[in-house]
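Chemist: here's a sequence, model it:
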Amino acid sequence: TLHDGDTDEALAHYEGVQRSLLTWESPDSDRSRHLTEALAVVLMHCGRHEEAEPIFRRMIRVRTETLGPDHFDTLVPLGGLAQALESMGRYDEVLEVCEEMFASQMRQRDVLTPGVLFNVPKATARIEMFSGRLDRLEEALGRINRLAEELDAPEQLLTPEAQQYARDCAIMNAATAAGD
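Modeler: Below you'll find the predicted structure:
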């Protein structure tokens, strides 16, 4: 855990290490990049999503340029960016990031486990459910079940009950949003 859950202590620690590291190492070094990403994660844990967002975006750009869009170290900050955006309620942007992640994962599907391949489609369905967009939720649920059939992963199929629960939640969330 982050300093036994003391996020302020963890943040001070990572900021201090980063300042020290930058006195003898380039900001473009692997160590500096990994530390910067760790700092963004700590900022997220501190609820400072607005500060973490540009760090994740910078890490995505750098990692895409140096490692390529499908490298695991490029996907990690993409996931962090999606979490930051979701925490700020910027769901359309989250969905764009999810699409980018899913496309990358599908290009690597021969080396990824089905569990990993289903993380993004399930996150997309969750976001559509919470945002109350029933039509887009139906698309997301369909994608999950088509992928389960395509990958011969019956354990990932959504039961009719789970699908109906998601629909009911979406309808309730849409009604709540309309009442605001």
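
Chemist: CA atoms for contacts and neighbours, from now on please.
Modeler: Fine.

Chemist: what strand or helix carries the residue most central in space within the chain?
Modeler: Central residue of the chain (Cα atoms, centre = their mean): G79, 2.9 Å from the mean position. Using DSSP states H and E, the element containing G79 is helix 72-87.

Chemist: now do the contacts for the residue nearest to N173 when sequence neighbours are not counted.
Modeler: Closest residue to N173 apart from its sequence neighbours, by Cα to Cα, 6 or more residues apart in numbering: G132 at 4.8 Å. Listed by Cα atoms under 8 Å, 6 or more residues apart in numbering, the contact set of G132 reads C169, A170, I171, M172, N173, A174, A175, A177.

Chemist: just the terminal-to-terminal distance for stretch 21-39.
Modeler: End-to-end distance of stretch 21-39: 13 Å, with Cα to Cα, to the nearest Å as the criterion.

Chemist: pLDDT (mean, whole number) over it?
Modeler: Stretch 21-39 shows a mean pLDDT of 77 in the predicted model.

Chemist: I'd say G68 and R61 touch.
Modeler: No. In this structure, G68 is not within contact of R61 by Cα atoms under 8 Å, at 9.5 Å.

Chemist: contacts made by the least confident helix or strand in the chain by mean pLDDT with the rest, please.
Modeler: Here the helix or strand of the chain ranked lowest by mean pLDDT, DSSP states H and E is helix 7-21, holding a mean of 74. Around helix 7-21, the neighbours that count as contacts under Cα under 8 Å, 6+ apart are L2, H3, S32, L35, T36, A38, L39, V42, L43, H45, C46.
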